[in-house]
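A.B. asks: Pasting the sequence and the predicted model now:
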Amino acid sequence: MRRPIIAGNLKMNKTVEEAVSMAVALKRKFYTFAEADIVICPPFTALSKVHDEIVDSSIMLGAQDVYWEEDGAFTGEISLNMLRDVGCRYIIVGHSERRNIFGETDEDVNRKVKAVLKHGITPIMCIGEKIEERDNGMTFEVLEKQLSRGLKNLFKDEVMRIIIAYEPIWAIGTGRTATPQQAQEAHKFIREFIERSYDKEAYLKIRIQYGGSVKPENIAQLMSQEDVDGALVGGASLDVNSFSEIVKKAV
Ligand code: 13P
């Protein structure tokens, strides 16, 4: 049985004070929550203070991106050591907004995944198709390409530590959630890709989150699907009550 994982991606929202007050409220509700992994991914500026707030609770800290180099002249970038220093246990890698707005490639994603693993942090690697790709029947082709390039040259013990987030781009921030069947179909494809590339143990172990307009109203149905192990929540994670509802209904 795979442990559910619900992560809130706050994206470019919330000041330090706002993120901390959210963390305080979440901690109150889920101080010793045993049924799922709960991860909160605030913007970089709030990581340290949010960490101080949740450090002794069951809530874990995640970052929204990272650069793969150790240190040096990379103006504007954040390194793995910096993120580990402030207590990050998870890092989102290859979010569709990074890919589509900032031009991140599958090769960049692969470098980031490897660097994150090397530092003992868990990557949440995002993949997903655009609406025109789905409409043209290319969903599996797109997912296969993102998976094979993003996970290139990874060993089985490494891939089993990764979380994959299936986030169909047409469902992100649009209010248009994938149906539970569409999510299941894509998750099954992803899991089977892992089996083909590695083995049955990796197939059984890898955790796959769904992301894209997840709300308290649709989480239970999504989670009832065999291959859906959690959710990566954007908009609905900005409000403590709706994020809390999602966590409770996911388990
Ligand atoms: P929404 O939940 O706002 O659709 O965002 C999903 C997402 O991109 C999470 O990473």
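C.D. replies: Noted; the coordinates are in hand.

A.B. asks: now the strands for the chain?
C.D. replies: Assigned by DSSP state E, the chain shows strands spanning 5-9, 37-41, 59-63, 88-93, 122-127, 163-166, 207-211, 230-233.

A.B. asks: Rebuild these as a markdown table, extending it with mean pLDDT.
C.D. replies: Rendered in a markdown table, the data for these read as follows (pLDDT from 0 to 100):
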| stretch | mean pLDDT |
| --- | --- |
| strand 5-9 | 98 |
| strand 37-41 | 98 |
| strand 59-63 | 98 |
| strand 88-93 | 98 |
| strand 122-127 | 98 |
| strand 163-166 | 98 |
| strand 207-211 | 98 |
| strand 230-233 | 98 |
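
A.B. asks: Tell me which of these is the most buried.
C.D. replies: Among those, judged by mean count of other Cβ atoms under 10 Å, the one packed with the most neighbours on average is strand 230-233 (a mean of 29). For every residue, glycine as well, the C-beta is placed using N, CA and C.

A.B. asks: Can you give me the distance of the nearest residue to residue 213 once chain neighbours are set aside to residue 196?
C.D. replies: Spatial nearest neighbour of residue 213, excluding adjacent residues (Cβ to Cβ, 6 or more residues apart in numbering): residue 177 at 4.3 Å. The gap separating residue 177 from residue 196 is 28 Å, by Cβ to Cβ, to the nearest Å.

A.B. asks: Pick out whichever of the two has more residues nearby.
C.D. replies: Neighbours around residue 177 and residue 196, counted as other Cβ atoms under 10 Å, are more numerous at residue 177. The numbers are 21 against 11.

A.B. asks: how about the more buried one, what does it touch?
C.D. replies: Listed by Cβ atoms under 8 Å, 6 or more residues apart in numbering, the contact set of residue 177 reads 171, 212, 213, 214, 215, 218, 222.

A.B. asks: And the pLDDT for it?
C.D. replies: Residue-level confidence at residue 177 comes out at 89, pLDDT.

A.B. asks: Contacts only, for residue 222.
C.D. replies: With contacts taken as Cβ under 8 Å, 6+ apart, residue 222 has the following neighbours: 177, 180, 183, 210, 214, 228, 231.

A.B. asks: go with 6 Å
C.D. replies: Remark: with contacts taken as Cβ atoms under 6 Å, 6 or more residues apart in numbering, residue 222 is in contact with 180, 183, 210, 228.

A.B. asks: count of neighbours near the residue nearest to residue 11 when sequence neighbours are not counted?
C.D. replies: The shortest distance from residue 11 to any residue that is not its chain neighbour, by Cβ to Cβ, 6+ apart, is 6.1 Å, and that residue is residue 234. Other residues near residue 234 come to 21 when the count uses other Cβ under 10 Å.

A.B. asks: Residue 225 too?
C.D. replies: By the measure other Cβ under 10 Å, the count of residues near residue 225 is 18.

A.B. asks: what do you get for residue 106?
C.D. replies: For residue 106, the neighbour count with other Cβ under 10 Å is 18.

A.B. asks: My read is that it contacts residue 152, right?
C.D. replies: No. With the criterion set as Cβ atoms under 6 Å, residue 106 and residue 152 do not qualify as a contacting pair; they are 8.2 Å apart.

A.B. asks: if we can go back for a sec, could you export the strands of the chain as JSON lines, including distance to residue 77?
C.D. replies: Supplementary listing: the strands of the chain in JSON lines, determined by distance: least, Cβ to Cβ, whole Å:
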{"stretch": "strand 5-9", "distance to residue 77": "19"}
{"stretch": "strand 37-41", "distance to residue 77": "17"}
{"stretch": "strand 59-63", "distance to residue 77": "12"}
{"stretch": "strand 88-93", "distance to residue 77": "13"}
{"stretch": "strand 122-127", "distance to residue 77": "17"}
{"stretch": "strand 163-166", "distance to residue 77": "22"}
{"stretch": "strand 207-211", "distance to residue 77": "24"}
{"stretch": "strand 230-233", "distance to residue 77": "23"}
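
A.B. asks: I appreciate the help and will end here.
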